[in-house]
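Colleague: give the three-dimensional model of this entry:
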Amino acid sequence: VVGRRIVRRRGYPPRATLLPCLRRFLDLAAVLRFAAAFPMHDDPSNAPLLAAPAPTRSALARVIWTLAWPVILTMSVESLVGLLDMLMVGRLGADAVAGVGIATQILLAVNTFIFGIGTGTIAVVARHLGARETAAAGRVAAQSTLAGAALLTVVVVPAMVFAPQIVAFFNVDGAVAAIAVAYLRIVLLAVPLEAVLIIVEFALRGAGDTRTPLLASSLVAVVKVVGNYVFIFGAFGWEGLGTDGAAWASALAYSVGALALFWLLHAGRLVLRLPPRWYRPDPAVIRRVLRIGYPAAIEHFLMQVGFVIYYSFAAAYDTSAVAAYVIGVRILGLSFLPGIGFSVAASALVGQNLGAQRPEEARRCGWGTVGFSSVLMTGAGALIFVAARPIAALFVDDPHVIAEAVLFIQVLAAAQPLMAVDFTLGGALRGAGDTRFPLIVVLLGFYVCRLGFAWYATHVGELGLFWLWFALVPDYIARVILKVGRFRSGRWQAIRV
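Modeller: Below is the predicted model of the structure:
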């Protein structure tokens, strides 16, 4: 289908395309040559400008959905690959699963730095694109990528040296610790390139291009799954390496994705283009990005810590509660996908309209995205609520665990409308450069409301497990009240990026 669409757009005869295209896509060098022959944007001045007013609600809805669906699909692909990754590692035994799981948690903490720079990038790029300053937007993308690669290199070196001590914080030893340390050190080798991949994706989304990151993530997914099969179990004459093979597959996938996407950026085939001498650091641009991004990095880190604390409260009940929580977190991750998509759409729309000096249109786009996401996620929540028991039964066959997981899943389903507003307005505020307020909201909502309520339910009131799950409701209520108030105040419109 994709091949035929390319043919129609480019005017080539349909019979001469599909097989040659597929053959070329089997070879990375051919992929790059093929992409160079078909520029995605012939002229930066033709970049997708999102700041033009949408005349009707239906027109605005189409713009929002056009931006959101590739992000939702991208996150879905990444979630599916993560699941396949763990299933393949699971064939190696419980120690392998535990070791890779611990290393993955550490890598998520490292990615906090990437998320912070990416958030600053999307806000600044969107402003420049809204103002039709495409050259400045390209310069921001280049400097953000340089800063991300350099910063992650600085972070990776001590993390590799002290990997055994970091893993020791998880109170594991023996085979599990050895697997975690080896996996962590191998994947860390590719983290600077992973930073390049993710930051360029953030920049493209700020420019309104959410489809190219989808293609890049799909390439990473294919390389990772194939690499897992070859490197973990051995194939095509290659000896299986076990968990080390899974690590090398991840490192290879990130490297291939980063190099392919950056090559397209460097070749001028994307909506953003690198300026001359892009490799020279520009401290002023880097400071702008970091000033916007560092609160988002702190917010992301605090969320990860908060989830660990919430997990400890579940562990205070019994093993069934822990199992129910693990199942619920899987469903929670899937329920986040539409929210992330609409969050990115809101960031791009709000940022570009502010750059175009259209603050009222930015406000309209923000509320429009909230409405769209609320309808979609409320409908999804209703389906999840009704299907909670069959969903839980997919993961486990213990009736007691299923009953407790059903409660958690139904609470998550009931909170979907609140999550829609929280995610979307959070994206709108970050797109405007207002990244400090969402950080404050996390402290008040997650740490005071959710963890405070969970602590009381677990250790003071000694309430039933339902009340531990219910703790996320006051969290999201507080977040929605605070973010709605902030967005209605219009203070985000005056923030300079």
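Colleague: residues contacting the spatially most central residue of the chain?
Modeller: Centroid-nearest residue in the chain: residue 75, 6.4 Å away (criterion: CA atoms, centre = their mean). By CB atoms under 8 Å, 6 or more residues apart in numbering, the residues touching residue 75 are 336-337, 340-341. C-beta here means a position set from N, CA and C on the backbone, and glycine is covered the same way.
Colleague: please redo it, this time with the cut-off set to 7 Å
Modeller: By CB atoms under 7 Å, 6 or more residues apart in numbering, residue 75 lies in contact with 337, 340.
Colleague: quick check: which element contains it?
Modeller: helix 57-90 (DSSP states H and E).
Colleague: and residue 224, how many neighbours?
Modeller: 24 (other CB atoms under 10 Å).
Colleague: residue contacts, the nearest residue to it once chain neighbours are set aside?
Modeller: Of all residues not flanking residue 224 in the chain, residue 253 sits nearest, at 3.8 Å (CB to CB, 6 or more residues apart in numbering). Counting by CB under 7 Å, 6+ apart, residue 253 makes contact with 220, 223-224, 227.
Colleague: one more: residue 277?
Modeller: Contact analysis of residue 277 by CB under 7 Å, 6+ apart lists nothing.
Colleague: and it, how far from residue 488?
Modeller: Relative to residue 488, residue 277 is positioned 44 Å away (criterion: CB to CB, to the nearest Å).
Colleague: again, but for residue 428
Modeller: Residue 428 is 12 Å from residue 488, by CB to CB.
Colleague: who has more neighbours, those two?
Modeller: Higher neighbour count among residue 428 and residue 488: residue 428, with 30 against 11, using other CB under 10 Å.
Colleague: which helix or which strand is home to that one?
Modeller: helix 416-431.
Colleague: and the residue nearest to residue 153 when sequence neighbours are not counted, its phi and psi?
Modeller: Distances taken as CB to CB, 6+ apart place residue 192 nearest to residue 153, at 4.8 Å, with adjacent residues excluded. With angles defined as degrees, to the nearest 10, residue 192 sits at phi -60, psi -40.
Colleague: show me what contacts residue 192?
Modeller: Contact partners of residue 192, counting by CB under 7 Å, 6+ apart, are 149, 152-153, 156.
Colleague: what's the per-residue pLDDT of it here?
Modeller: According to the prediction, residue 192 has pLDDT 95.
Colleague: next: residue 59.
Modeller: 83.
Colleague: burial check on it, number of neighbours?
Modeller: 11.
Colleague: does residue 344 touch residue 205 like I think?
Modeller: Yes. Judged on CB atoms under 7 Å, residue 344 makes contact with residue 205 at a distance of 5.2 Å.
Colleague: comparing these two, which residue is more hemmed in?
Modeller: Between residue 344 and residue 205, counted using other CB under 10 Å, the more crowded position is residue 344 (30 against 27).
Colleague: which strand or helix spans that one?
Modeller: Secondary structure (DSSP H and E) places residue 344 in helix 319-355.
Colleague: tell me the angle of the very next helix or strand once past that helix relative to helix 57-90?
Modeller: The helix or strand immediately downstream of helix 319-355 is helix 359-386, counting by DSSP H and E. Angle of helix 359-386 versus helix 57-90, following axes from the mean of the first three to the mean of the last three CA atoms, to 10 degrees, is 50 degrees.
Colleague: tell me which strands and helices helix 359-386 is in contact with?
Modeller: helix 57-90, helix 319-355, helix 399-414, helix 416-431 (3 or more CB pairs under 7 Å, 6 or more residues apart in numbering; DSSP states H and E).
Colleague: how about TSV for those, with distance to residue 118 added?
Modeller: Compiled in TSV, the helices and strands packed on helix 359-386 are given as follows (distance: least, CB to CB, whole Å):
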stretch	distance to residue 118
helix 57-90	13
helix 319-355	11
helix 399-414	26
helix 416-431	10
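Colleague: and residue 131, backbone torsions?
Modeller: Dihedral pair for residue 131: phi -90, psi 10, per degrees, to the nearest 10.
Colleague: what residues of stretch 399-419 count as buried?
Modeller: By 16 or more other CB atoms under 10 Å, the buried positions in stretch 399-419 come out as 401-402, 404-419.
Colleague: and for stretch 381-392?
Modeller: In terms of neighbour count (16+ other CB under 10 Å), stretch 381-392 has its buried residues at 381, 384-385, 388, 391-392.
Colleague: straight-line length of that stretch, end to end?
Modeller: 15 Å (CA to CA, to the nearest Å).
Colleague: from the middle of its chain, how far away would it be?
Modeller: Using CA atoms, centre = their mean, to the nearest Å, the distance from the centre of stretch 381-392 to the centre of the chain it belongs to is 24 Å.
Colleague: what does it contact?
Modeller: Residues contacting stretch 381-392 (CB under 7 Å, 6+ apart): 327, 331, 335, 402, 405-406, 409-410, 412-414, 416-417.
Colleague: which member of the residues you listed is positioned nearest residue 281?
Modeller: residue 335 (40.4 Å; CB to CB).
Colleague: so what's the closest one scoring on pLDDT?
Modeller: On pLDDT, residue 335 comes in at 77.
Colleague: can you check residue 343 too?
Modeller: For residue 343, the predicted pLDDT is 93.
Colleague: quick check: it touching residue 425?
Modeller: No. The pair residue 343 and residue 425 fails to qualify as a contact (CB under 7 Å) at a distance of 8.7 Å.
Colleague: who's more crowded, those two?
Modeller: Set residue 343 next to residue 425 and count neighbours by other CB under 10 Å: residue 425 wins out with 30 against 26.
Colleague: OK, contacts around that one?
Modeller: For residue 425, the contact set (CB under 7 Å, 6+ apart) comprises 366, 370, 483-484, 487.
Colleague: redo that, cut-off 6 Å
Modeller: By CB atoms under 6 Å, 6 or more residues apart in numbering, the contact set of residue 425 is 483, 487.
Colleague: same check, this time on residue 422
Modeller: By CB under 6 Å, 6+ apart, the contact list for residue 422 reads 476, 479-480.
Colleague: and those, which is closest to residue 434?
Modeller: residue 479 (14.5 Å).
Colleague: what helix or strand is that closest one on?
Modeller: Going by DSSP H and E, residue 479 is part of helix 472-489.
Colleague: tilt between that helix and helix 319-355?
Modeller: Between the axes of helix 472-489 and helix 319-355, defined by the same axes, to 10 degrees, the angle is 10 degrees.
Colleague: give me the distance from helix 472-489 to the chain's centre.
Modeller: The answer for helix 472-489 is 22 Å, by CA atoms, centre = their mean.
Colleague: pull out the buried residues from that helix.
Modeller: So, applying 16+ other CB under 10 Å, buried residues of helix 472-489: 472-476, 478-480, 482-483, 486-487.
Colleague: circling back: what is the nearest of the contacts of residue 422 to residue 445?
Modeller: For these, the nearest to residue 445 is residue 479 (4.2 Å; CB to CB).
Colleague: the closest one contacts residue 445, doesn't it?
Modeller: Yes. The criterion here is CB atoms under 6 Å, and residue 479 meets it with residue 445 at 4.2 Å.
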